[in-house]
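Enquirer: Need coordinates for the following:
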Amino acid sequence: MILLFYAFAREIAPFKRRVRNLAPLALDGLHGFRAEIGGKEFAVIGHGIGHRRATETARRAFDSIPGAELVIGTGVVGALSSGLKPGDLVLSDRVMTLDADGRLGERVIAVGDAHLRAVGRSLASANIAYSTGAILTSHRVLANGAEKRRAKEKTGAIAVDMETAALASEAAAHNIPFVAIRAVLDEVDDEVVGAEMADADGNVRPLAATSYLIRNPATMLKLPKMIRNLSRATAAIADALTAIAYEGQTADATKRGRGPAERTRLR
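Expert: Next up, the predicted model:
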C-alpha cells in the first residue's frame with residue numbers, strides 16, 4: 001500500500017486516468033480514491049491547500065489506513081532556482097519550513113537515502129529527467145520573484161510549496177518512509193497570479209474570481225500561460241508516478257527530459 005497525497009484534483013487528474021480498479025476511498029473525512037497500477041495498491045488522498053489542512057488530513061489518513069509501506073507527496077511547486085522551468089520534476093532530498101513571518105523553522109527533515117535512490121532509479125529507468133534538492137514549505141504564497149529569491153538565499157531550497165513539510169513530519173511521526181516528487185508550475189521570477197481566486201481545495205470561487213479580475217484586469221493575459229504550465233506540470237507528475245509504480249519498467253511512462261535521463265542537483 002502506497003499513500004499518495006495531493007492538494008487539489010487537477011494535480012492528480014492525468015495520473016488518475018492511467019490507473020486500474022478505481023474505487024472511492026470511502027473513509028469518513030477523507031477525499032480521494034483507491035486504485036492499482038504497476039501491481040501496487042494506492043490510496044490517493046486530497047488534503048487541500050496549506051500546512052494545517054495537510055497535517056490534519058495526513059493524521060486522519062494514517063489512523064484510517066493501516067499498513068502503508070510508503071508515503072508520497074505530489075503536486076505542483078514554485079521554482080526557487082533559476083534552473084527550473086515549468087514541467088520540470090523535483091525529487092526532494094530534504095524538507096524545511098518558512099513561517100508566515102518569514103522565519104526558517106528549526107527542523108529540517110531529511111528524506112531516507114534508500115527510498116530516494118529507489119525513486120531516482122525508477123525515474124532514470126523510464127528516461128525521466130529530474131532535479132534533486134530541498135523543498136521549502138511556506139505558510140503563505142511567495143507571490144513574486146523578489147520573495148522567492150529571498151527564500152532561496154535564506155534556505156538553499158530549490159522549490160517551494162505549502163504542504164510537503166506537513167506530510168513529511170506526519171510520516172516521520174508514524175515511522176513510514178516518505179518521498180516527495182513534485183513538478184514546477186512557475187519559474188522563480190514569475191508572479192503567482194490569482195491565488196486568492198481559489199478556495200482551500202484549489203477550486204475557483206466564482207465571486208472571488210470575478211472580484212479579483214475586475215481589480216486586476218491584466219491577469220486575464222497571464223492566465224493562458226498559467227494553464228499551459230499547469231498542464232505540463234500535471235503531465236510530468238503522471239509520468240513520474242507511473243514510473244515509480246512500475247519501478248521504471250514500463251513503456252507507459254512518457255519519455256521526457258533532455259536526451260538521456262538526467263539527474264540534476266541544483267543549488
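
Enquirer: mind listing the helices for the stretch 1-150 of the chain?
Expert: With DSSP state H, counting those that start in this stretch, the ranges of helices along the stretch 1-150 of the chain come out as 9-16, 51-64, 113-125, 145-155.

Enquirer: Now the first one: buried residues?
Expert: Right, helix 9-16. Using 16 or more other Cβ atoms under 10 Å as the test for burial, helix 9-16 gives 10-12, 14-16. All C-beta atoms are positioned from the backbone trio N, CA, C, and that covers glycine.

Enquirer: From Ile65, how far out is Gly29?
Expert: Relative to Ile65, Gly29 is positioned 12 Å away (Cβ to Cβ, to the nearest Å).

Enquirer: go on, Gly50?
Expert: From Gly50 to Ile65 the distance is 22 Å (Cβ to Cβ).

Enquirer: And the two? Which one has more around it.
Expert: More crowded of Gly50 and Ile65, by other Cβ atoms under 10 Å: Gly50, with 19 against 16.

Enquirer: list the contacts for the closest residue to the more buried one other than its chain neighbours?
Expert: With sequence-adjacent residues excluded and distances taken as Cβ to Cβ, 6 or more residues apart in numbering, Gly50 is closest to Met162, at 5.3 Å. The neighbourhood of Met162, defined by Cβ atoms under 8 Å, 6 or more residues apart in numbering, consists of 7, 49-51, 54, 137-141.

Enquirer: and Gln249, how many neighbours does it have?
Expert: Using other Cβ under 10 Å, Gln249 is surrounded by 11 other residues.

Enquirer: and if you look at Ala233?
Expert: By other Cβ under 10 Å, 25 other residues sit near Ala233.

Enquirer: Poorly predicted segments of the stretch 101-250 of the chain, please.
Expert: 106, 192-223, 250 (pLDDT under 70).

Enquirer: what's the helix or strand hosting Val184 packed up against?
Expert: Using DSSP states H and E, Val184 maps to strand 178-186. Under the contact definition 3 or more Cβ pairs under 8 Å, 6 or more residues apart in numbering; DSSP states H and E, strand 178-186 sits against strand 70-79, strand 89-98, helix 113-125, strand 130-138, strand 159-161, helix 164-173, helix 219-245.

Enquirer: Identify, out of those, the most deeply packed stretch.
Expert: strand 159-161 (a mean of 27; mean count of other Cβ atoms under 10 Å).

Enquirer: What are the contacting residues of that strand?
Expert: With Cβ under 8 Å, 6+ apart as the test, strand 159-161 has contacts from 75-81, 84, 90, 92, 98, 133, 135-138, 142, 148, 151, 182, 184.

Enquirer: starting at the chain centroid, how far to that strand?
Expert: Distance, stretch centre to chain centre, for strand 159-161: 9 Å (Cα atoms, centre = their mean, to the nearest Å).

Enquirer: Spell out which strands sit alongside it in the sheet and which way each one runs.
Expert: strand 70-79 (antiparallel), strand 130-138 (parallel) (DSSP bridges).

Enquirer: Format the ones you listed as JSON lines; extra columns: distance to Thr234.
Expert: Listed next are those as JSON lines, based on distance: least, Cβ to Cβ, whole Å:
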{"stretch": "strand 70-79", "distance to Thr234": "8"}
{"stretch": "strand 130-138", "distance to Thr234": "16"}
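
Enquirer: For Ile176, which of those strands is the nearest?
Expert: strand 70-79 (5.2 Å; Cβ to Cβ).

Enquirer: I'd like the average pLDDT over that closest one.
Expert: For strand 70-79, mean pLDDT rounds to 97.

Enquirer: could you give the angle of that strand to helix 51-64?
Expert: 170 degrees (axes from the mean of the first three to the mean of the last three Cα atoms, to 10 degrees).
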